[in-house]
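Chemist: Fold the following, please.
(2 chains)
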Protein chains: 2
Amino acid sequence: MKNLLIVALLWQSAGYCQRPPAPFYEDTNNAPVSPEIHADRTVTFRLFAPKASEVLLMGSPGILEFIKKPMPLVKGEKGVWSLTVGPLPAGFYTYGYAIDGGLRMPDPSNPNLEVRRWGPTSLFTVPGAEKAVFEERSVPHGTVHLEFYDSANLKTGRMVYVYTPPGYERGKQKYPILYLLHGNGQIEASWTWTGRANVILDNLLAEGKIKPMIVVMPYGHVQREIKAAPTTNDPMTIEKELLSAIKPMVEGKYRVMGDRKNRAIGGLSMGAGQSMAIGLHNLDQFAYIAAFSGGGNRTEWEKADAAVLNQKLKVLWIGCGTEDPGFNGVKAMDDLLTKMSVKHVWNQSEGGHSWPNWQVYLSKYAPLLFRN
Amino acid sequence: MKNLLIVALLWQSAGYCQRPPAPFYEDTNNAPVSPEIHADRTVTFRLFAPKASEVLLMGSPGILEFIKKPMPLVKGEKGVWSLTVGPLPAGFYTYGYAIDGGLRMPDPSNPNLEVRRWGPTSLFTVPGAEKAVFEERSVPHGTVHLEFYDSANLKTGRMVYVYTPPGYERGKQKYPILYLLHGNGQIEASWTWTGRANVILDNLLAEGKIKPMIVVMPYGHVQREIKAAPTTNDPMTIEKELLSAIKPMVEGKYRVMGDRKNRAIGGLSMGAGQSMAIGLHNLDQFAYIAAFSGGGNRTEWEKADAAVLNQKLKVLWIGCGTEDPGFNGVKAMDDLLTKMSVKHVWNQSEGGHSWPNWQVYLSKYAPLLFRN
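Modeler: Below is the predicted model:
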């Protein structure tokens, strides 16, 4: 212990770990612990905001499900506001604050962020008795690759995340491939950084529930920056980008089987619509389509030939939470497919337009892939 | 145009891109454009904060160099505060806001974040006439790999970022390896997500300035979460983790030459101290050491044998900015090494404890590596 102290003192004297003098941005002295997840699964949120007149725990019915409406934090000592909620079911949650009725922000005490195309939001996990499918376990781990390429279509550098299963580097065999698309406002990192798709796939593979597969996670918007509403013609251009730029790049670099029976697509929200469009337009290339919390364009689908769809598609998977604001639109696609006698899986769940559903949907869709 | 409108309407009717109803967290209607980088290289910052009484553009002399002290934004119409600064030199900048004297936050309009062990800060780039070394160019791109492993030392899952140069997948040859360490409060993603080390290396390689190399970027803290001050005994345990867990894992998986003449270490700030310690303790394994904006433990170094150091170390590289709050400590290491007649490179620059210096330091250190 004495040695440690000496090391610590020498360390300081050597300028090691030197912090800049005040005022510094990350004022950890003022940063209360937040969120604090208690043993009884209640959660305390805290924010240092000495001059604020109102601090609300924020979300929406779609994005944040552990509160149904904004909840006020209470001002306590030394300018720290706090609120305890729960007990909450074990799971994965996102939240943010609204200050004085206007200013939205993530929790500055919490380094766990969903990084998005617009500002970030905060996230936390309430652990359960058993590790959830998105929680890292001591199993063989795949690798996530960040691939950079220059898009001729989009006249800019782009990035694609690619998951390879454990052992990919050591073998010679070829793999089936899943294109996994994110939602509006999310980015190419979202499925791994926030959704932990790689952890889910590692866990499912360790349990023998899925075939080993390569998963490609591209960026789903045409424009990098968001200044206004999303451009509604995104999916068409993203279809071109996916098929003419990303697919040749990735499938040329990684060992993939390369036939339609070994190629799937799926996505969440905006990515659900993109998957339904790209899959439908390219049945010669995809035998599997999934739409998580998004239904796709019914006007286009009702013109399709049900016999062709049933012959070509091994799995057409659609899921939505009953609390999702878009539930009726997604259910209408299920109803249309049923009316058309198009074989499909309809997965209705509780919950809303949120990662807990998308994580479960991936864990249900992936085991159905590449079975014949 | 009419077709686009129809597509847009169908899209809406299909529940595609459905946004949750108000109140939603990301209130893009209220989000002003910020930062706005004008053609004359002035930059306008804006924040929607209708009830705030004070909004300051924040930083520290070490972290943020384009202002020397907090600067007030001025309240304008509709609750939007703004401030224009500059013109600024072309470069890479970080900033944040302080609200009402207490609340620190990143810019909610700006999706470009430095994600850290504590809360995030915002960043932007002012483009210059020529692309800076950290700006993506149309050159062959390497790949960044996220490797996951279960640490026996630390009893937890950990992550390592690994850069491989362009063409790594297609060849059979072995590569030299650089271990590149981050600073206090940063994470394993920092050197790529914020520092853009992969872009820098791609650019240097395309210019023929560096040997192709593998770069390993581990997580530099023992504990994942920060609740208080960093533990001062981190570096010793990180040394053990690096040598007993990360090195065998990475060097077993990637094609590396594996001898000391083809193995380098370097880091910034806390990672500078770690590199100086790990390198000194393991001269049989490292022939190159770099310390960016950190000096290491002089008490330990002054006990070393200068003749051994001069025989073993191909390059010992130390750099610091004159505005860095730790400058004197780092300069003292330079002075000690000079007094000891230990061959080394001393790189004194302008600027402070910040990414612009670390990016330039990497671009100066990397070309010196693996030359014989």
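Chemist: At which residues are the helices of chain A located?
Modeler: Taking DSSP state H, the helices of chain A run over residues A:2-13, A:190-193, A:197-206, A:234-241, A:247-253, A:270-281, A:298-301, A:306-312, A:327-339, A:355-365.
Chemist: can you state the direction angle for the last one and helix A:270-281?
Modeler: Relative orientation of helix A:355-365 and helix A:270-281, computed by axes from the mean of the first three to the mean of the last three Cα atoms, to 10 degrees: 30 degrees.
Chemist: dump the residue contacts of the closest residue to residue A:310 other than its chain neighbours.
Modeler: Nearest in space to residue A:310, with sequence neighbours left out and distances taken as Cβ to Cβ, 6 or more residues apart in numbering or on different chains, is residue A:343 at 5.2 Å. C-beta here means a position set from N, CA and C on the backbone, and glycine is covered the same way. For residue A:343, the contact set (Cβ atoms under 8 Å, 6 or more residues apart in numbering or on different chains) comprises A:309, A:310, A:313, A:316.
Chemist: now swap in residue A:336 and tell me
Modeler: With Cβ under 8 Å, 6+ apart, residue A:336 has these contacts: A:298, A:301, A:302.
Chemist: Repeat that for residue A:351.
Modeler: So residue A:351 contacts A:65, A:321, A:322, A:323, A:324, A:357 (Cβ under 8 Å, 6+ apart).
Chemist: Of these, which belong to strands?
Modeler: residue A:321 (DSSP state E).
Chemist: ok, and which of the contacts of residue A:351 reach chain B?
Modeler: Residues of the contacts of residue A:351 in contact with chain B (Cβ under 8 Å from any Cβ of the partner chain): residue A:324.
Chemist: Just the pLDDT for residue A:227.
Modeler: pLDDT, residue A:227: 43.
Chemist: again, but for residue A:297
Modeler: Reading off the model, residue A:297 has pLDDT 94.
Chemist: Let me know how buried it is, in neighbour terms.
Modeler: Using other Cβ atoms under 10 Å in any protein chain shown, residue A:297 has 21 other residues around it.
Chemist: can you give me phi and psi for it?
Modeler: Per-residue torsions, residue A:297: phi -90, psi 110 (degrees, to the nearest 10).
Chemist: Counting neighbours, what do you get for residue A:353?
Modeler: Other residues close to residue A:353 by other Cβ under 10 Å number 27.
Chemist: For chain B, see how far away it is.
Modeler: Applying Cβ to the nearest Cβ, to the nearest Å, the value for residue A:353 to chain B is 6 Å.
Chemist: One more: residue A:342?
Modeler: According to Cβ to the nearest Cβ, residue A:342 stands 16 Å off from chain B.
Chemist: And for the closest residue to chain B within the stretch 251-372 of chain A, the neighbour number?
Modeler: Nearest residue of the stretch 251-372 of chain A to chain B: residue A:329, at 2.1 Å (Cβ to the nearest Cβ). Residue A:329: 21 surrounding residues under other Cβ under 10 Å.
Chemist: My read is that it contacts residue A:297, right?
Modeler: No. If you go by Cβ atoms under 8 Å, residue A:329 and residue A:297 don't touch, sitting 10.3 Å apart.
Chemist: who wins for neighbours among the contacts of residue A:343?
Modeler: Using other Cβ under 10 Å as the neighbour criterion, residue A:316 leads the contacts of residue A:343 with 23 neighbours.
Chemist: That one: what's it in contact with?
Modeler: With contact taken as Cβ under 8 Å, 6+ apart, residue A:316 is in contact with A:288, A:289, A:290, A:309, A:337, A:342, A:343, A:344, A:345.
Chemist: what about 6 Å?
Modeler: A:289, A:344 (Cβ atoms under 6 Å, 6 or more residues apart in numbering or on different chains).
Chemist: How about residue A:70?
Modeler: By Cβ under 6 Å, 6+ apart, the residues touching residue A:70 are A:56, A:58.
Chemist: List the buried residues in stretch A:39-52.
Modeler: If you call a residue buried by 16 or more other Cβ atoms under 10 Å in any protein chain shown, then stretch A:39-52 has these buried ones: A:43, A:44, A:45, A:46, A:47, A:48, A:49, A:51, A:52.
Chemist: so what's residue A:36 bridging to?
Modeler: residue A:44 (DSSP bridges).
Chemist: per the record, what domains does chain A have?
Modeler: Per automatic domain parsing, the domain ranges recorded for chain A read A:32-126, A:143-368.
Chemist: export those domains to a markdown table and tack on distance to residue B:257?
Modeler: Shown next, in a markdown table, are the domains of chain A (distance: least, Cβ to Cβ, whole Å):
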| stretch | distance to residue B:257 |
| --- | --- |
| domain A:32-126 | 36 |
| domain A:143-368 | 18 |
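Chemist: Residue B:148 is nearest to which of those domains?
Modeler: Ranking the domains of chain A by proximity to residue B:148 (Cβ to Cβ) places domain A:143-368 first, at 7.4 Å.
Chemist: end to end, how far does that closest one reach?
Modeler: Taking Cα to Cα, to the nearest Å, domain A:143-368 runs 22 Å from one end to the other.
Chemist: Check stretch A:335-343 too.
Modeler: End-to-end distance for stretch A:335-343: 11 Å, by Cα to Cα.
Chemist: for stretch A:313-332, same thing?
Modeler: End-to-end distance for stretch A:313-332, by Cα to Cα: 20 Å.
Chemist: What is the distance between it and the centre of its chain?
Modeler: How far stretch A:313-332 lies from its chain's middle: 17 Å, per Cα atoms, centre = their mean, to the nearest Å.
Chemist: Residue B:281: which of the contacts of residue A:336 is nearest?
Modeler: For the contacts of residue A:336, the nearest to residue B:281 is residue A:301 (64.4 Å; Cβ to Cβ).
Chemist: one step back: could you dump the buried residues of stretch A:39-52 to a markdown table with pLDDT and distance to residue A:174?
Modeler: Converted to a markdown table, the buried residues of stretch A:39-52 look like this (pLDDT from 0 to 100; distance: Cβ to Cβ, whole Å):
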| residue | pLDDT | distance to residue A:174 |
| --- | --- | --- |
| A:43 | 95 | 45 |
| A:44 | 96 | 50 |
| A:45 | 95 | 48 |
| A:46 | 92 | 51 |
| A:47 | 88 | 51 |
| A:48 | 84 | 54 |
| A:49 | 83 | 55 |
| A:51 | 81 | 61 |
| A:52 | 84 | 57 |
